[in-house]
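take this sequence and fold it.
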Amino acid sequence: MLTRLRRLAILALLITALLGGLIGGAPAATAQGDAQDTAQNETPEPSFDAGVVNIVEVSGYLDAVLVDFIHQELDLAEAQGARSVVLQLNSPGALVDDETFAKLTDRIAEMTIPFNVWVGPSGAKAKGRSAQLLGLADEVGIANGSPFGDLGPSVLDDAEVSAEYKAVEAGLRNNTQEFIDEGDDVEYGFGRLAPTIIFFLLDLPEFESSIDDSGEQPVRVPETQARFGALSVFKQQVHNLGSPPVAYLLFLLGIALLIFELFTAGVGVAGIIGAGAFIGGCYGLDVLPARWWAVAMLVLAMVAFAIDVQTGVPRFWTAVGTVLLVIGSIFLYDGVSIGWVALLTGLIGILLAMINGMPSMVRTRFSTPTIGRTNLLGQLGDVVEAVNPDGVVMIDGARWRARTNRATPVDVGERARVIEIDGLILEVEPEAGAARDYRERGPKEDGEVAETDQTETVES
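You can find the predicted model right below:
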């Protein structure tokens, strides 16, 4: 079932990419991947003496896609005779199980060439089990302002980790460390400050460089070539689905578009995009540590919203849907953060769509064509929610938003007469005490309601 779901997710991803790209961060990732692929193809063949260092870029949660990618890059580096491998790491944690992670660490420990880790660029992070990969490295470099730690329970073999890592492991188990200046690496005793990847490479024993004295000042020039390896465009898109905010937003967007499609004629672009987004969101939630009961609450919230959407008026079920949506969103992930921006975007976007946008669309589609708005003038309706000054009236079995054009409210159970229409909102007045007979009003040529000079006194 899981394999089938992932295949559907991949198919949906292709559809959504052709329709404009729904996946957050995909354009930037695509451009980066294309640039790296181009740079890789244009890299000249290194000289025999200088050799090459393979740089493997890992960004985001360490999922099955990234683990497979690292395995492939390690095999490629050894097959090409690279001098070493540098893992450029920016990861808040790992999503794979212990067995999969153990296979990766065993593969790194079996490397026949040096394995190094650089946490960067500045602002990158290495946390959770992803940070434990630093213990397997021959050399560790950390960019300025890049926290690392929060290791959690160790899954590494003591025989595989470095002595420097063992010395700081206990202190990093539930805490993070961050290099701010040069003094920190001496004081902390683990890794070294490397502001950029080139600074880190130049200090590696296997990376050769020379001094160019032709200018005013001597310049250190790299001799060893650097080969950058990154996920392909397609794999990057699949990896993006495992991002907590992307999976959350895609899931909500997919359900919302499918509900929208229920109230439109035929199957349109919204339905196709909605199906793709929903399947992509399901894939992401399957990869991430999502709580099943929180996912169920999100689904029930959208069902509750749909009940009131078809009436065109937010009621009890809208309140129920709002509560379920908030609770399900806050507690969706176990140990993984959505982020406040994505959380507020999802909550506010869905509430605006379900409370205002979709009900207006439903009233426009189903009410206006069948019940001519000018024909409503002068009609009497039953007040189902007190109009004071805003409320709801029932006319010919259809609910309408209404407001009184006077200071006099109209209570539930009373009758109200329609005297004006402002968009989709009816202006009404009490049946008793109405000053004019609005049944004699007719439409002007421009579609507005014409005033008549005929008035009559309504006897109380």
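
what residues sit buried inside stretch 256-271?
Across stretch 256-271, burial judged by 16 or more other C-beta atoms under 10 Å covers A256, L257, L258, I259, F260, E261, G271. The way it works is simple: take the backbone N, C-alpha and C, and place the C-beta from them, glycine included.

do you know how far the last one is from F260?
Right, G271. Note on G271: its distance to F260, by C-beta to C-beta, to the nearest Å, is 8 Å.

might you report the residue contacts of G135?
L156, E160, V161, S162, Y165, K166, E169 (C-beta atoms under 8 Å, 6 or more residues apart in numbering).

isn't the fourth one right up against A137?
Translated: S162. Yes - when contacts are counted by C-beta atoms under 8 Å, S162 is listed as touching A137 (7.1 Å).

hang on, the earlier thing: and the contacts of G135, which are buried?
If you count burial by 16+ other C-beta under 10 Å, the buried members of the contacts of G135 come out as L156, V161, Y165, E169.

tell me which of the buried residues of stretch 256-271 is nearest to V221?
L257 (54.6 Å; C-beta to C-beta).

contacts only, for that closest one.
A270, G271, I273, G274, A277, F278.

L133 too?
L87, L89, T105, I108, V117, A126.

out of those residues, which are inside helices?
T105, I108 (DSSP state H).

could you take the contacts of L133 and lay them out as TSV, with extra columns for neighbour count, pLDDT and distance to P245?
Compiled in TSV, the contacts of L133 are given as follows (neighbours: other C-beta atoms under 10 Å; pLDDT from 0 to 100; distance: C-beta to C-beta, whole Å):
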residue	neighbour count	pLDDT	distance to P245
L87	26	96	25
L89	26	95	21
T105	19	93	28
I108	20	94	30
V117	28	95	26
A126	29	91	20
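
which of the contacts of L133 sits closest to L347?
A126 (30.8 Å).

wait, the closest one sits on F148?
Yes - counting by C-beta under 8 Å, A126 touches F148, with 4.1 Å between them.

overlap of the contact sets of those two?
Residues touching both A126 and F148 (C-beta under 8 Å, 6+ apart): V119, L134.

hmm, back to that, between S162 and A137, which contacts overlap?
By C-beta under 8 Å, 6+ apart, no residue touches both S162 and A137.

pretty sure F228 sits in a strand.
Yes - counting by DSSP: H, G, I helix; E, B strand; the rest coil, F228 is found in a strand.

where do the helices sit along the stretch 151-300 of the chain?
163-172, 182-188, 197-202, 233-241, 244-262, 269-287, 292-309 (DSSP state H, counting those that start in this stretch).

what helices and strands are in contact with the third one?
To tie it back to what came earlier, the one meant is helix 197-202. strand 84-90, strand 115-119, strand 139-142, strand 219-222 (3 or more C-beta pairs under 8 Å, 6 or more residues apart in numbering; DSSP states H and E).

what is the mean pLDDT for it?
Mean per-residue pLDDT for helix 197-202: 91.

phi and psi next, for the residue lying closest to E431 once chain neighbours are set aside.
With sequence-adjacent residues excluded and distances taken as C-beta to C-beta, 6 or more residues apart in numbering, E431 is closest to R415, at 4.0 Å. For R415, the backbone dihedrals (degrees, to the nearest 10) come out as phi -100, psi 140.

you'd agree R415 is up against E429?
No - the pair R415 / E429 is not scored as a contact, 10.4 Å apart, by C-beta under 8 Å.

between these two, point out the one with more neighbours.
E429 (21 against 14; other C-beta atoms under 10 Å).

who's the more buried one bridged to?
E429 has these beta-bridge partners by DSSP bridges: R417.

now the contacts of G135 as JSON lines including distance to S214?
Converted to JSON lines, the contacts of G135 look like this (distance: C-beta to C-beta, whole Å):
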{"residue": "L156", "distance to S214": "47"}
{"residue": "E160", "distance to S214": "45"}
{"residue": "V161", "distance to S214": "44"}
{"residue": "S162", "distance to S214": "40"}
{"residue": "Y165", "distance to S214": "42"}
{"residue": "K166", "distance to S214": "46"}
{"residue": "E169", "distance to S214": "47"}
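
could you pull out the helices for the stretch 301-450 of the chain?
316-330, 340-352, 358-362.

same list (those) but as TSV, adding mean pLDDT and distance to Q379.
Listed next are the helices of the stretch 301-450 of the chain as TSV, based on pLDDT from 0 to 100; distance: least, C-beta to C-beta, whole Å:
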stretch	mean pLDDT	distance to Q379
helix 316-330	92	27
helix 340-352	91	31
helix 358-362	68	21
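
in the chain, where is pLDDT below threshold?
1-50, 179-189, 264-267, 311-313, 359-374, 405-407, 433-460 (pLDDT under 70).

show me the domain layout of the chain.
As given by automatic domain parsing, the domain ranges for the chain are 25-234, 243-367, 373-440.

before we move on, back to that, so which of the buried residues of stretch 256-271 is the closest to E78?
Comparing the buried residues of stretch 256-271 against E78 with C-beta to C-beta picks out L257 as the nearest, at 46.7 Å.

for the nearest residue to the closest one once chain neighbours are set aside, give its distance to L258.
Of all residues not flanking L257 in the chain, G274 sits nearest, at 2.8 Å (C-beta to C-beta, 6+ apart). Separation of G274 from L258 (C-beta to C-beta) stands at 4 Å.

now swap in G397 and tell me
27 Å.

one more: A163?
From A163 to L258 the distance is 56 Å (C-beta to C-beta).

same deal with I355?
From I355 to L258 the distance is 18 Å (C-beta to C-beta).

before we move on, what about L74?
From L74 to L258 the distance is 42 Å (C-beta to C-beta).

and P222, bridged to which residues?
Beta-bridge partners, per DSSP bridges, of P222: S209.

hmm, it is touching D203, no?
No - P222 is beyond contact range of D203, at 11.7 Å (criterion: C-beta under 8 Å).

tell me the most buried of the helices of the stretch 301-450 of the chain?
helix 358-362 (a mean of 19; mean count of other C-beta atoms under 10 Å).

nearest to V384, of the helices and strands packed on helix 197-202?
strand 84-90 (56.4 Å).

what about the nearest residue to V219 once chain neighbours are set aside, how many residues close to it?
Sequence neighbours aside, D212 is the residue nearest to V219 in space, at 4.6 Å (criterion: C-beta to C-beta, 6+ apart). Using other C-beta under 10 Å, D212 has 11 neighbouring residues.

give the contact list for D212.
Per C-beta under 8 Å, 6+ apart, neighbours of D212: P218, V219, R220, V221.

next, give me the two most distant ones among those.
Pairwise distances across those (C-beta to C-beta) peak at 9.7 Å, for the pair P218 and V221.
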